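1. below: sequence and its predicted model.
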Amino acid sequence: LRQPVLLVAELGMVAGRGAVSMDDDRAAAFSAAWRASQALAPSLLVYTTHRCWRSFTQLWRDKRAAVAPPDVLLLAGGTRIAYQVGGGGWQEDSAWRAALDADRTWDRAAVVGAVQRAAQALNSAAAARAAAAA
């Protein structure tokens, strides 16, 4: 590498399957290659994931020794963005969040409510099937 690059990787492909340690060797190999490339041309590493912040932090606790820390996180399918700050933490892009929340085509509260109603309907249907089978 002679010029900086922007590498965007799906977090699950880099980190593997949650706390499963057999994926750590592959993650560590990728991390070593990434760190070595930084000596040639400082670049940006971005992880994208469907995970929400809480799910990411759980995975990060399990994998931080093996997985290279990203400069940028695209969380929850791109609905949240966070940037690496000093000390290994991240700061959410509040302007991005505000822009999405202000846009009439995206209403986080409406999406959360719809998902909760769907989950309740599924649970009620499962309970009804269980009661009918009893």
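-> Structure's in. What do you need? From a predicted model like this one, the values you see are computed outputs, not experimental measurements.
2. leaving out chain neighbours, which residue sits closest to T48?
-> Distance criterion Cβ to Cβ, 6 or more residues apart in numbering; nearest residue to T48, sequence neighbours excluded, is L74 at 4.1 Å. Bear in mind the C-beta positions are built from the backbone N, C-alpha and C, glycine included.
3. show me the contacts for that neighbour.
-> By Cβ atoms under 8 Å, 6 or more residues apart in numbering, L74 lies in contact with V8, V46, Y47, T48, T49, R80, I81.
4. average model confidence for stretch 92-102?
-> Stretch 92-102 shows a mean pLDDT of 85.
5. with just CA atoms, put that stretch into PDB.
-> What follows is stretch 92-102, C-alpha atoms only, in PDB (Å, rounded to 0.1, in the frame of the first residue of the first chain):
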ATOM      1  CA  GLU A  92     -21.800   8.600  18.300                       C
ATOM      2  CA  ASP A  93     -22.400  11.000  15.500                       C
ATOM      3  CA  SER A  94     -25.200  13.000  17.000                       C
ATOM      4  CA  ALA A  95     -25.700  15.000  13.800                       C
ATOM      5  CA  TRP A  96     -26.400  11.900  11.800                       C
ATOM      6  CA  ARG A  97     -28.700  10.600  14.400                       C
ATOM      7  CA  ALA A  98     -30.600  13.900  14.600                       C
ATOM      8  CA  ALA A  99     -30.800  14.000  10.800                       C
ATOM      9  CA  LEU A 100     -32.300  10.500  10.600                       C
ATOM     10  CA  ASP A 101     -34.700  11.200  13.500                       C
ATOM     11  CA  ALA A 102     -35.800  14.500  11.900                       C
END
